[in-house]
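[1] Predicted model and sequence follow; I will ask about them next.
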Amino acid sequence: MFHNIGSPPSTKLDAPYPAWSQKNIQIVESAIASAWKCIVDEAHLKDARALYLLSHGTEVEVSVKLMDILQSLLNTRSNSGFNGRRFCPPIRGQELENVTGDKLEKRPDISVRLISSVPYSQYNSLFFECKRISPKRRVADYINEGLIKFCDQRYAWGMPHAGMLAYVQNLDPVPQAKIELEKHWVKKPTAHTVPVCATVVDNSGSVSVTITTHKRHLPLPNGSVSGDITVRHLWLSA
């Protein structure tokens with residue numbers, strides 16, 4: 001006999017999800033920075049693969065290597081706080097729906113979920129979009145092909161925060177996120193639909209992170225207001 005246990009729950013109806021603690025976000029950022037340092041250290045040892053990734057690697061190629069190292073850090077617990085008791089294994093390119101549900105295969109580059117996340121949902125995660133910044137891939141591409149996906153609610157629509165990773169290649173001096181982002185928006189204030197509420201720098205963790213805040217306008221599936229999204233920009237260079 002089957003018992004009526006009510007209508008099937010919808011993970012979408014649980015959004016918006018609560019913000020992660022500052023500590024947990026910074027632990028993930030520190031782990032990403034440590035993974036990047038491993039690539040840089042290998043390049044200093046003249047490792048051909050690492051040298052290629054730092055100078056010419058595509059977003060996918062760099063992200064694959066970064067994920068491999070993150071998995072190793074998670075298993076060895078060699079990065080403080082980044083362990084399997086606190087975090088699920090990071091996922092690359094997880095297929096998710098956008099906020100309206102008309103696109104079923106949106107793929108944030110990296111997503112990380114807490115073991116203790118409640119409610120349990122693949123949408124209740126810390127999402128990262130990864131972009132190269134190089135002589136041929138500038139800040140405009142980073143914004144128009146990356147950051148916009150959080151603002152128009154293709155990604156992280158149920159979360160109050162997300163992250164952008166920039167793989168900075170072949171640029172000297174190394175561009176600083178806060179300066180370059182603000183410079184772009186000053187020069188092209190109407191060039192793109194990414195409304196900026198604020199730009200600040202967070203130096204409270206082990207990694208310096210630039211933070212931007214953006215308005216979002218589409219309602220969530222249950223009719224709730226999604227609210228602003230805070231995006232943390234971590235720029236990685238050799």
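    Thanks, I have it. Numbering: from 1, shown residues only.
[2] Residue 184 reaches residue 144, doesn't it?
    No - counting by Cβ atoms under 8 Å, residue 184 does not reach residue 144; the two are 9.9 Å apart. Quick note: C-beta positions are derived from backbone N, CA and C, even for glycine.
[3] Which of those two has more residues huddled nearby?
    residue 184 (20 against 16; other Cβ atoms under 10 Å).
[4] residues touching the more buried one, list them.
    Counting by Cβ atoms under 8 Å, 6 or more residues apart in numbering, residue 184 touches 139, 140, 143.
[5] Around the second one, how many other residues sit close by?
    It stands for residue 140. 13.
[6] Which residue comes closest to it once chain neighbours are left out?
    residue 184 (6.4 Å; Cβ to Cβ, 6 or more residues apart in numbering).
[7] host element of that neighbour?
    Using DSSP states H and E, residue 184 sits in helix 177-187.
[8] Next: residue 162.
    Going by DSSP H and E, residue 162 is part of strand 161-168.
[9] between that strand and helix 177-187, how big is the angle?
    For strand 161-168 against helix 177-187, the angle by axes from the mean of the first three to the mean of the last three Cα atoms, to 10 degrees is 100 degrees.
[10] Quick check: neighbours of strand 161-168 in the sheet, parallel or antiparallel?
    Here strand 161-168 is paired, per DSSP bridges, with strand 126-133 (parallel), strand 229-237 (parallel).
[11] element containing residue 201?
    Going by DSSP H and E, residue 201 is in strand 196-202.
[12] Show me what that strand is in contact with.
    178, 181-182, 185, 208-215, 228, 232.
[13] Buried residues in that strand, which are they?
    Residues 196, 199, 202 are the ones in strand 196-202 that count as buried (16 or more other Cβ atoms under 10 Å).
[14] got the contact list for the nearest residue to residue 84 once chain neighbours are set aside?
    Take residue 84 and drop its neighbours on the chain: the residue closest to it by Cβ to Cβ, 6+ apart is residue 74, 6.0 Å away. Residue 74 is in contact with 31, 82, 83, 84, 87, 89, 90, counting by Cβ under 8 Å, 6+ apart.
[15] quick revisit: okay, the angle between the strand holding residue 201 and strand 229-237?
    50 degrees.
[16] what about this structure, any weak spots by pLDDT?
    Applying pLDDT under 70 to the chain flags the ranges 1-13, 188-193.
[17] what about the helices in it?
    Here the chain has its helices, by DSSP state H, at 22-44, 48-56, 59-76, 139-142, 148-151, 177-187.
[18] now, of the ones you listed, which is deepest in the fold?
    Mean neighbour count, computed with mean count of other Cβ atoms under 10 Å, is highest for helix 148-151 among the helices of the chain, reaching a mean of 22.
[19] Contacts for that one, please.
    So helix 148-151 is contacted by 106, 108, 127, 129, 155-156, 162, 192-195, 214-216, 229, 231 (Cβ under 8 Å, 6+ apart).
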